[in-house]
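[1] got a predicted structure here, sequence first:
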Amino acid sequence: MSGRPVAEVLGLPVRFHGIQLARPVDALVQLDADQVVGFEVLCGDGKHRFLPFAVARIERDQIALDSALTLIDHGDADYYRRRSRRVADLGFGEPWVDERGVVSEPST
């Protein structure tokens, strides 16, 4: 499988044009599929927000955004939280995520 460990992705800063806005604290996946829907992030102002996977670019050294407006305030992200689960709840020993957001065990 191509991709990288979820733990490594969660260690990347979230940046907009090189400015660090947040850091991911968790990855959320669909209830009915092992597909990342987004990230719970902790922003520089101390607030938790939701970052949809579809608007994030996972790069070698960062999670890049084209707009800071893609970070959804905590209260407005309840829709996503009710329809997802934490990647840790999937039960994988070392989950990996590919460029499409599919989560699986690494291939040997």
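    That came through fine.
[2] show me what the mean pLDDT comes to for the lengthiest strand in the chain.
    Longest among the strand segments of the chain by residue count, using DSSP state E, is strand 19-30. What strand 19-30 shows for mean pLDDT is 96.
[3] do stretch 80-88 as well
    Average pLDDT, stretch 80-88: 91.
[4] start and end of that stretch, how far apart?
    17 Å (CA to CA, to the nearest Å).
[5] roughly how far is it from the heart of the chain?
    How far stretch 80-88 lies from its chain's middle: 11 Å, per CA atoms, centre = their mean, to the nearest Å.
[6] please apply the same query to stretch 7-21.
    Distance of stretch 7-21 from the chain centroid (CA atoms, centre = their mean) equals 10 Å.
[7] only the C-alpha atoms, please, for it, written as CSV.
    Extracted in CSV, the C-alpha atoms of stretch 7-21 (Å, rounded to 0.1, in the frame of the first residue of the first chain):
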residue,chain,number,x,y,z
ALA,A,7,0.7,8.6,13.5
GLU,A,8,3.2,10.3,11.2
VAL,A,9,0.4,12.3,9.5
LEU,A,10,-0.9,13.4,13.0
GLY,A,11,2.6,14.7,13.7
LEU,A,12,2.5,17.2,10.7
PRO,A,13,1.7,20.9,11.2
VAL,A,14,-1.4,22.3,9.4
ARG,A,15,-0.2,25.3,7.4
PHE,A,16,-1.7,27.9,5.1
HIS,A,17,1.0,29.4,2.8
GLY,A,18,3.7,28.4,5.2
ILE,A,19,2.0,29.8,8.3
GLN,A,20,1.2,27.2,10.9
LEU,A,21,-2.4,27.3,11.9
